[in-house]
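S.K.: for reference, the sequence and a predicted model appear below.
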Amino acid sequence: MSIQYLVDTDVLYNHLVHTNKKKRSFLTRLMIKGECFTTVLNASELFFSAKTEEHKLAVKKLLYAIKVLGLNSRYSLEIPLYNNMFRNYNDCLFYIVALKNNLVIATNSPEKYKHGSVKTESENKSRKKI
């Protein structure tokens, strides 16, 4: 069974601006190792930031290459259990989606998720939780 990742916006964005043809992007390396997901909120962030039609097309192509998860109301019911661990509801909700779906969080900001039990992987290191 391959590893399944929940990919944070920073990793998706870095893939879109990646220009080093000699080295694969972190997202590309994750896609080779396993299956990649993101949430509809992360996808919306990318579209909101895309200012030109060319950028919007690049975002659309990227999102066709990974799976975009919708948000069920059951995730919001978990917020009170974890909200003291996070600075904002987006990070908290992202963490809950990963937790409930047994996904490894792929992010360039692993410190955002250091208090939880979900495994994280970043370009520089991976962190496994017990």
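M.R.: Nice, I can see it.
S.K.: wait, residue 11 sits on residue 109?
M.R.: No: counting by C-beta atoms under 8 Å, residue 11 does not reach residue 109; the two are 9.5 Å apart. For every residue, glycine as well, the C-beta is placed using N, CA and C.
S.K.: so which of the two has more stuff around it?
M.R.: residue 11 (24 against 15; other C-beta atoms under 10 Å).
S.K.: tell me which element the residue lying closest to residue 109 once chain neighbours are set aside is part of?
M.R.: The shortest distance from residue 109 to any non-neighbouring residue, by C-beta to C-beta, 6 or more residues apart in numbering, is to residue 10 (6.1 Å). Assigned by DSSP states H and E, residue 10 belongs to helix 9-17.
S.K.: tell me what that helix is packed against?
M.R.: Judged by 3 or more C-beta pairs under 8 Å, 6 or more residues apart in numbering; DSSP states H and E, helix 9-17 is in contact with helix 26-33, helix 40-49, helix 53-65.
S.K.: buried residues of it, list them for me.
M.R.: For helix 9-17, the buried set under the neighbour-count rule, 16 or more other C-beta atoms under 10 Å, comprises 9-13, 15-16.
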